[in-house]
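>>> take this sequence and fold it.
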Amino acid sequence: MDNGTYLYFMLFENLGYIRYAFFSLGFILYFAIILFNVIIMLVIFLERTLHQPMYILISCLSFNSVFGTTGFFPRALTDLISDTHSISGEACVLQAYVIYTYAANEYTILMLMALDRFAAISKPLQYHNIITSKIIIVSVGINVAYPMIFLGINAILTSRLTLCGNKLFKVYCHNFEVVKLSCESTIINNVLGLFILITTVITPLSLILYSYVKILIVCQRSSSQFKGKAYQTCIPHIVVLLNFSIAVISDVTLSRVVTLELPIWLSVFLSLEFLIIPPILNPLVYALNLPDIRKKISCRINPSR
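Now for the predicted structure:
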């Protein structure tokens, strides 16, 4: 993109006074996401008993939620109350990078969670030797760095494209939508995008499914008490995985299947689902379903109990 290139979010046009209602709703959602996830992170950080691999990964999930939504909400809220809805090419590429990194990191963390539960359930006696907090921290660092590097390369390639249009029919910067505006060949962008999709989404998802299938097999051979304990720790992870996967599939389908005709409000909701529902649902799932976190939050809120 040339310096001075601006893109325009067309879906913010002609909203009238309803934009103030959307702004209020968006502000409440963003505040709730930040509040719930920060509570989870603080409780895990402050409670030494929660300095275990599974809880470290849960705190990483909360941090990633804050990171991803911060890449979307401040900009969207500003556009809702502004009369102009333009964004510079550089800022657009940066926003797309943050949002895509958030999505890739989510699958990375969910993959590590699945592998952690697989080790805990299949090798309970050796678990603490196989999975340690140090191993988890190093694994998170390596697996998060990978998509950040390749998505950074993808962002640089996108920023170098010459665009023949400047209208985005989205409420945030979507890399594929920007690439479609290009006047030149985008085959390198498309090949790299496919490679990133395979390595940051399909591969982690395959490992997640493999882990939970193996967990299910182990549980079927175990006592009912063991099954109950295993399901108690796995079900929240599975709920989070399904929720996020459905949201991502909805967004990818809307971007790639151009013949799909849906009402604008439904298209916007489906494209935003992965940025809104998982970040607010994840901390609630873990706070309500994992007794250790629930008790520690309760103790922090009401120390007399």
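
>>> what's the pLDDT at Leu194?
Turning to Leu194, the model gives it a pLDDT of 87.

>>> kindly report the same for the one 10 residues further on.
Pro204 is assigned a predicted lDDT (pLDDT) of 90.

>>> next, count neighbours for the closest residue to it other than its chain neighbours.
In space, and not counting its chain neighbours, Pro204 is closest to Met111: 3.9 Å by Cβ to Cβ, 6 or more residues apart in numbering. No exception for glycine: its C-beta is placed from N, CA and C like everyone else's. The local packing of Met111 (other Cβ atoms under 10 Å) involves 22 other residues.

>>> Met111 and Ile276, how far apart?
Per Cβ to Cβ, to the nearest Å, Met111 is found 22 Å from Ile276.

>>> what of Lys167?
24 Å.

>>> now the residue nearest the centre of the chain: which helix or strand?
Centroid-nearest residue in the chain: Ala103, 3.9 Å away (criterion: Cα atoms, centre = their mean). Using DSSP states H and E, the element containing Ala103 is helix 89-122.

>>> circling back: does the residue nearest to the centre of the chain really touch Val248, like I thought?
Yes - with contacts defined as Cβ atoms under 8 Å, Ala103 counts as touching Val248 at a distance of 6.2 Å.

>>> following the helix holding Ala103, which helix or strand comes up?
helix 127-130.

>>> counting by contacts, list what that following helix packs against.
The contact analysis (3 or more Cβ pairs under 8 Å, 6 or more residues apart in numbering; DSSP states H and E) places helix 127-130 against helix 89-122.

>>> which parts of the stretch 151-300 of the chain are strands?
Ranges of strands in the stretch 151-300 of the chain, per DSSP state E, counting those that start in this stretch, are 167-168.

>>> list the contacts of the residue nearest to Pro204.
Contacts for Met111 (Cβ atoms under 8 Å, 6 or more residues apart in numbering) come out as 143, 204-205, 207-208.
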